[in-house]
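K.L.:
Predicted structure and sequence below. I'll ask about it afterward.
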Amino acid sequence: MKLTVVGGGSTYTPELVDGFARLGFPVAELALVDPDISRLEVIGGLSSRILQRYGHPGQVRTYQDLDAGIEGASAVLLQLRVGGQAARHVDETLPLSCGCVGQETTGAGGLAKALRTVPVVLDIADRVERLAPKAWIVDFTNPVGIVTRALLDAGHRAVGLCNVAIGLQRTFASWLDVAPSRLSLDHVGLNHLTWERAVHLDGVDVLPRLLASHGEALAARVKIPVELLRRLGVVPSYYLRYFYAHDQVVAEQLAEGSRAERVAEIEQELLDLYADPALVTKPALLDERGGAFYSEAAVNLVASLTDDRGDVQVVNIRNQGTLPFLPPEAVIEVPATVGALGAVPVEVAPVSPLYAGLIGHVSAYETLAVDAALRGGISRVEDALLAHPLVGQADVAVRLAGALVAANREYLPWA
């Protein structure tokens with residue numbers, strides 16, 4: 001089996017390779033595709049050493065040519081960042097000038113990233129359709145919900161993936177001292193807008209026990225006050241903090257500077273470490289880069305899509321009536337049965353208005369964001385920002401739209 005990673009020069013890649021090697025996934029060729037040859041050489045070298053350390057027979061090949069890397073693949077993983085950390089820095093800082101949260105996947109910054117990313121991803125997907133027509137596209141590129149919606153709207157075989165659910169599952173398992181396989185989550189919402197409404201251990205909901213015994217640690221994990229956590233009685237994704245504590249987050253971001261600056265430093269440190277031919281494992285510093293358990297989530301998803309396992313995983317897929325207050329074509333993040341024909345959402349309990357209102361609001365924004373990314377136009381960007389609950393004011397939407405388009409002009413052919 002050939003597995004292609006577009007954005008293979010990412011510093012995330014050794015995490016992914018470690019997962020495939022450690023879990024014994026039967027990949028014969030791991031194709032790393034990236035336009036940056038210097039990063040490819042470093043990442044490719046470490047990736048080969050990681051496979052060898054585990055005694056994995058797979059071979060790592062690096063490609064600057066996208067078509068050659070894709071051709072014949074059984075699955076294509078997308079983990080690219082259009083514009084790099086420099087563009088991320090703008091995404092995180094420009095909205096602050098208008099009093100809005102600066103974040104790379106949600107709000108105004110998330111829209112800017114979507115505008116840059118969606119056209120590039122669709123071009124890649126068209127190549128996959130031509131050169132590897134049976135391949136599944138697994139999207140880990142943020143904003144995952146919007147990118148996955150664009151892929152599905154264009155008719156591609158795609159599933160979106162995020163590491164939030166598996167990260168919380170692993171945290172709960174460690175606190176309960178049980179194998180993660182014994183836990184299942186009642187995980188519902190949109191990408192980066194989700195809540196864990198139950199944590200089932202062998203079929204029994206232990207979330208109340210976790211809230212009682214680990215409330216403080218859990219509140220710190222998701223970055224909201226423990227009082228709010230216990231009042232809600234659910235576990236929100238830490239991205240909900242941007243909604244639940246908007247003004248506090250803006251003040252903190254203005255004081256602290258952008259995350260992109262620190263990530264750029266970490267990336268350079270990682271590349272220096274990766275270049276050491278004696279290094280045969282992913283370094284501890286990689287944990288600071290983010291993306292914990294990404295490799296396990298990716299391995300599980302690719303294995304189920306290619307081996308028709310029919311197990312349940314949390315993924316980003318069409319709503320298909322799962323949440324009746326959303327249109328069927330919306331993309332949601334819920335548990336789904338995954339097999340060779342794709343992912344089908346499992347039945348979920350009705351969603352409380354406390355969460356359904358925000359889900360509906362952000363889902364409507366995502367529809368407008370996809371339209372803006374596909375068709376361009378400053379008015380469509382303004383509409384998407386006006387629809388987003390983290391912006392939502394007409395004068396702010398107009399100011400931000402103009403500023404974001406100007407800052408990203410080199411990536412927007414219509415601008």
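P.N.:
Nice, I can see it.
K.L.:
Pull up the gap between whatever residue is furthest in space from the centre of the chain and Glu269, please.
P.N.:
Using Cα atoms, centre = their mean, the residue of the chain lying farthest from its centre is Ala278. It sits 31.3 Å away. Distance, Ala278 to Glu269, by Cβ to Cβ, to the nearest Å: 17 Å. Yep, even glycine has a C-beta here, placed from its N, CA and C like the rest.
K.L.:
element containing the residue farthest from the centre of the chain?
P.N.:
Applying DSSP states H and E as the criterion places Ala278 outside every helix and strand.
K.L.:
Show me where the stretch 301-415 of the chain has its helices.
P.N.:
353-375, 378-387, 394-407 (DSSP state H, counting those that start in this stretch).
K.L.:
err, the stretch 51-200 of the chain, not the other one
P.N.:
Using DSSP H, counting those that start in this stretch, helices in the stretch 51-200 of the chain cover 66-70, 84-93, 107-131, 144-153, 164-176.
K.L.:
The nearest residue to Val234 once chain neighbours are set aside: neighbour count?
P.N.:
The shortest distance from Val234 to any non-neighbouring residue, by Cβ to Cβ, 6 or more residues apart in numbering, is to Trp195 (4.6 Å). Burial measure for Trp195: 22 neighbouring residues, criterion other Cβ atoms under 10 Å.
K.L.:
swap in Pro389?
P.N.:
16.
K.L.:
Likewise for the one 10 residues further on?
P.N.:
Residue crowding around Arg399 was assessed by other Cβ under 10 Å; the count is 17.
K.L.:
From Pro95, how far out is it?
P.N.:
Arg399 is 10 Å from Pro95, where distance means Cβ to Cβ.
K.L.:
ok, now Asn319?
P.N.:
28 Å.
K.L.:
Of those two, which one has the most company?
P.N.:
A count of neighbours by other Cβ under 10 Å puts Pro95 above the other of Asn319 and Pro95, at 28 against 19.
K.L.:
Could you pull up the residues touching that one?
P.N.:
101-103, 107-109, 391, 400 (Cβ atoms under 8 Å, 6 or more residues apart in numbering).
K.L.:
quick one: Phe243 and Leu390 touch, right?
P.N.:
Yes. Using Cβ atoms under 8 Å, Phe243 is in contact with Leu390, at 6.9 Å.
K.L.:
So these two - more neighbours on which side?
P.N.:
The residue with more neighbours, out of Phe243 and Leu390, is Leu390; 22 against 18, by other Cβ under 10 Å.
K.L.:
Phi, psi for the more buried one please.
P.N.:
phi -90, psi 0 (degrees, to the nearest 10).
K.L.:
Same check on the one 3 residues further on?
P.N.:
With angles defined as degrees, to the nearest 10, Gln393 shows backbone torsions of phi -110, psi 140.
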